[in-house]
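Student: Okay, here's the prediction I keep looking at, along with the sequence it came from:
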Amino acid sequence: MNESSDPRVLIFACDWCPGLGSDRAGQDRLSLPSCFRLVRVDCAAQVSGEWVIEAFSGGIDGVMVMGCHLDACRHQGANHRAHKKLETLRWLLSGLGIPPERLCLSWGMGREALPFQEEVQKFVSTLKLLKTGKEA
Amino acid sequence: MSRPERIGAFLCTCGKTLAGSLKFEDLKNRALSLPGVSFCHVHNALCQESGREFLEKEIHSSRPDAVVIGGCSPRGHGAIFKRLFMEWGLDEEALEVVDIREGCAWVHADTQDGASAKAQGLLRMGWAKLAAREPTQDTTVTLLDSALVLGGGPAGMSAAMGLARQGLRVYLVEKDATIGGRLRSLSSLYPSGDEAAGILNRLKGEVETLPLITILLRSEIAGVKGYVGNFQVQLRGGEESKIIRAGAIVLAMGAQSFVPRELFRYGELKGVMTQDELESGILQGEDLGGTTVFIQCAGSRYPGRPYCSSICCPVALKNARVIRMRRPESRVFLLHRDVMAPGIDLERLYHQAMEANVRFLRYSPELAPSLEGTDRVQKVKVLDILSGRETVLEADRVVLSTPLVANPGNAKLAEMLSILTDDYGFFSDRSVLEPNRMVTPGVYACGTSRWPCSVHEAILQGQSVAVSVATLLRRKTARASDFGPMEGVKGWPAVVKESACSGCGNCSQACPSKAIGLQLSDGRKIARVNKVRCTGCGTCAAVCSGGAIQTQTLSDSMATKMIHEAFG
């Protein structure tokens, strides 16, 4: 990981809930660190484990997958399956020597502006702590 | 579409709101440096009339084969831009709207450098998504101009009538020996007070004479194959078992009345009856003199069945008033937990019942009324929680208002059609905008198969379903991608990379739409997607261990390219 600058964060956000939260955060003019990039997906189930690995190997410090509340998936519970898959991936990451904290899964927190902001800020702080060993 | 060679870029400053927080000149230069980008224009309001005219002019003169727009969130004007692009002869999937406002300038107002760097990253990602796009896979479906309506009650008859009047062939499937459903056993209808027989005769008369309606009696669904526009429904019973081909399926099988076994000594004491039994009594002109006690919420609004069945209060109010009108010397008590009579008509009904001297006593479920008598009910003991007094009512009959409960057959049908039921077994919808449509495209539900409702509401829902179905089927053809998880949401079918597919069947088992099967190809099993059934949800992608099945909206190559450009 790059020691000097802010962490590089990639967020895959389901367009139903977290996509709305991102929009609302903007409409409420909440302040967020500019070090994240958000990719809108139709459902968290689309996010492939290979994309996460690809991101890490490309120099991205943290990947966050934001989906809807686990029992409120617009795709008949597809996010339950995504959750299982990505939790397994987190477990595998530690075996590869990658701190599993670098992959953050967030379900149902992203629909409103403030929780969206909180989730992103919390993850960025976690990554900063991982990088420097110090609280941000 | 194939891979774009001429990509156009438009940046919107949103009036002056973004001009101060993003460096547009740098952003434009960065866009122009991207491979394949042939032009980039900055405009101050692409969403306004002037902006749309500008877009149209530029697109017609430069003829790009893909366009990236940097501006507000795609949730803002994305759908409008897509529609305009289609009007201008471009592929709507060749448009990528990049959010540099809500998700960028507005949340990073404290750092112009940070926001500008991020906007460049987002723009590159939008470009990458377009540049890596594979030709989309879709297919055309023919929509049959026929519908199968299951259930010949008020909702089903109303749907069938509405469909036939719009020129569609209708197969009305009824399990009984005659149509009419619950209307056959009702005396009068709330809130109008109309006689049920009159309404039944008018509906039935029209349904039986419309030439486009075929009524199939004593029949049930045994199995369903196919998909929206082309279902093949296997029927059981009737004169012969046959297969009906229909473009859409309408579920209108109604609900059942809960039978209150072991509640309020029903079945043990004479004179204790359900609301349904009282309805037949009224219909047959039985003597209803003496004292009648209605007990509301008999079998509903307790932890095991917490919902309010919504029709029982109005029906009890209506019948209580009917008894008081017919027999002026009669006494009528209505024991309730809360009188559920919302809206203009039902509140009026409540007042009319009060004016007719129906007496209301409120009980608490913890101290429910108890019945006394040896062979016949004689007394009802109730604690009126408003006065705090225990009252003993001499009773000639006790009427239990029991809830409507879902047909036990709903679960099997839901499984057959890949649709959802709620916690209580009623068919449940997902969409606010298209509440009649079930989650499987082409399947609709109306009336009490969805939720307890009045005959009036059931008829209204039937008419509304008829409009939805006709709007769909009158198109005659559609694209597979038109059918997403809900109305107005695209459902690009999943794509299988055959070389990577191990034929394990995980996707086939997990698919909620039953859209994936395994087929032999060169001696090995390969996943095959039914493009129409597939709503593009991505469940298959989540369970594939080999990455062999993906959704089209964000393929591996698109995502990979975007990841590389994010901070590039």
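Tutor: Yep, it's here.

Student: switch to C-alpha atoms for all contacts and neighbour counts from now on
Tutor: OK.

Student: Residue B:363 touches residue B:337, doesn't it?
Tutor: Yes. The pair residue B:363 and residue B:337 qualifies as a contact (CA atoms under 8 Å) at a distance of 5.5 Å.

Student: which one of the two has more residues nearby?
Tutor: residue B:363 (21 against 17; other CA atoms under 10 Å in any protein chain shown).

Student: Point out where the chain drops to low pLDDT.
Tutor: Since you didn't name a chain, this refers to chain A. A:1-4, A:134-136 (pLDDT under 70).

Student: right idea, wrong chain: chain B
Tutor: Low-confidence segments of chain B (pLDDT under 70): B:1-2, B:239-240, B:430.

Student: In it, which residue sits nearest chain A?
Tutor: Ranked by CA to the nearest CA, the top residue of chain B for proximity to chain A is residue B:102, at 3.9 Å.

Student: Those residues of chain A touching chain B, which are they?
Tutor: Proximity of chain A to chain B (CA under 8 Å from any CA of the partner chain) is limited to residues A:8, A:10, A:22-27, A:29-38, A:41-43, A:45-48, A:51, A:54-55, A:58, A:74-76, A:78-79, A:81-82, A:85.

Student: again, only using 7 Å
Tutor: Contact residues, chain A versus chain B (CA under 7 Å from any CA of the partner chain): A:22-23, A:25-27, A:29-34, A:37, A:43, A:45-46, A:51, A:55, A:58, A:75-76, A:78, A:81-82, A:85.

Student: Can you tell me which of those residues are buried?
Tutor: Among the residues of chain A next to chain B, the ones that count as buried by 16 or more other CA atoms under 10 Å in any protein chain shown are A:22-23, A:25-26, A:29-34, A:37, A:43, A:45-46, A:51, A:55, A:58, A:75-76, A:78, A:81-82, A:85.

Student: Restricted to strands, list those residues.
Tutor: residue A:37 (DSSP state E).

Student: Quick test: name the residue nearest the centre of chain A.
Tutor: Closest residue to the average C-alpha location of chain A: residue A:64 at 1.3 Å, with CA atoms, centre = their mean.

Student: What strand or helix carries that one?
Tutor: strand A:62-67 (DSSP states H and E).

Student: circling back to that earlier point, quick check: closest non-adjacent residue to the residue of chain B closest to chain A.
Tutor: residue A:26 (3.9 Å; CA to CA, 6 or more residues apart in numbering or on different chains).

Student: which SS class is the residue of chain B closest to chain A?
Tutor: helix (DSSP: H, G, I helix; E, B strand; the rest coil).

Student: residues touching it, list them.
Tutor: A:23, A:26, A:27, B:72, B:73 (CA atoms under 7 Å, 6 or more residues apart in numbering or on different chains).

Student: could I get those residues as JSON lines with distance to residue B:123?
Tutor: Compiled in JSON lines, the contacts of residue B:102 are given as follows (distance: CA to CA, whole Å):
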{"residue": "A:23", "distance to residue B:123": "17"}
{"residue": "A:26", "distance to residue B:123": "18"}
{"residue": "A:27", "distance to residue B:123": "20"}
{"residue": "B:72", "distance to residue B:123": "12"}
{"residue": "B:73", "distance to residue B:123": "13"}
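
Student: does residue B:220 sit in a helix or strand, and which one?
Tutor: Short version, using DSSP H and E: residue B:220 is in strand B:219-227.

Student: list the helices and strands whichever helix or strand comes after that strand packs on?
Tutor: Going down the chain from strand B:219-227, the next helix or strand is strand B:230-237, by DSSP H and E. Judged by 3 or more CA pairs under 7 Å, 6 or more residues apart in numbering or on different chains; DSSP states H and E, strand B:230-237 is in contact with strand B:219-227, strand B:243-246.

Student: closest to residue B:481 out of those strands?
Tutor: For the helices and strands packed on strand B:230-237, proximity to residue B:481 was assessed by CA to CA; strand B:219-227 is nearest, at 13.1 Å.

Student: most packed of the helices and strands packed on strand B:230-237?
Tutor: Among the helices and strands packed on strand B:230-237, strand B:243-246 has the highest mean neighbour count (mean count of other CA atoms under 10 Å in any protein chain shown), at a mean of 20.

Student: Spell out the secondary structure type for residue A:91.
Tutor: helix.

Student: residues contacting it?
Tutor: Taking CA under 7 Å, 6+ apart, we find residue A:91 in contact with residue A:100.
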